[in-house]
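[1] the sequence and its predicted three-dimensional model are supplied below.
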Amino acid sequence: MIRGFGLLLVFLLELAVLVIGARWGWAMDAGVPIRLLAAVAVPLLLAALWGVLGSPKARVPLPAPAKHAFQAAWFVLGGGMLALLGRPLLGVALVAVWAVTVTLLRLGGRPA
């Protein structure tokens with residue numbers, strides 16, 4: 001049950017990065033049409049990258065170390081976008097919660 005909670009938490013954090021990407025796109029210093037485009041395009045680009053490289057059923061299977069590096073970069077990017085939005089502590093919290101959760105899952109024998 002705890003393992004299931006950990007996997008659910010990682011999934012929700014993955015979705016949070018998509019939402020953060022939309023918020024970051026909307027916060028651009030540009031006109032409304034560009035901001036709207038960015039608010040849609042950034043999460044779509046992120047979702048495509050995750051589907052191709054980061055998901056458990058990724059279209060491009062990466063060796064475990066490369067996949068872990070991609071996933072780490074994903075959450076660091078999310079944390080960086082939060083920092084750019086003026087929420088650096090939330091950015092650090094996002095990365096820290098992900099890192100602790102994934103570490104516990106891997107120590108428990110379940111790759112995340």
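    Received, thanks.
[2] switch to C-alpha atoms for all contacts and neighbour counts from now on
    OK.
[3] next one, pLDDT for the residue of the chain most remote from its centre please.
    Distance from the C-alpha centroid of the chain peaks at residue 31, with 26.6 Å (CA atoms, centre = their mean). Residue 31 carries a pLDDT value of 95.
[4] what does residue 3 give?
    pLDDT, residue 3: 86.
[5] ok, residue 83 next?
    Here the pLDDT value assigned to residue 83 is 98.
[6] quick check, it in contact with residue 91.
    Yes - here residue 83 reaches residue 91: they are 5.7 Å apart, a contact under CA atoms under 8 Å.
[7] between those two, which one's more packed in?
    A count of neighbours by other CA atoms under 10 Å puts residue 91 above the other of residue 83 and residue 91, at 22 against 15.
[8] may I have the phi/psi pair for the more buried one?
    phi -60, psi -40 (degrees, to the nearest 10).
[9] got it, and residue 105?
    phi -60, psi -40.
[10] what packs against whichever strand or helix holds residue 83?
    Using DSSP states H and E, residue 83 sits within helix 64-84. Counting contacts by 3 or more CA pairs under 8 Å, 6 or more residues apart in numbering; DSSP states H and E, helix 64-84 packs against helix 2-26, helix 88-107.
[11] show me the shaky parts of this protein.
    By pLDDT under 70, the weakly predicted segments of the chain are 110-112.
[12] what are the buried residues along the helix holding residue 83?
    In terms of neighbour count (16 or more other CA atoms under 10 Å), helix 64-84 has its buried residues at 67-68, 70-72, 74-82.
[13] so how far is that helix from its chain's centroid?
    Relative to its chain's centre, helix 64-84 lies at 6 Å (CA atoms, centre = their mean, to the nearest Å).
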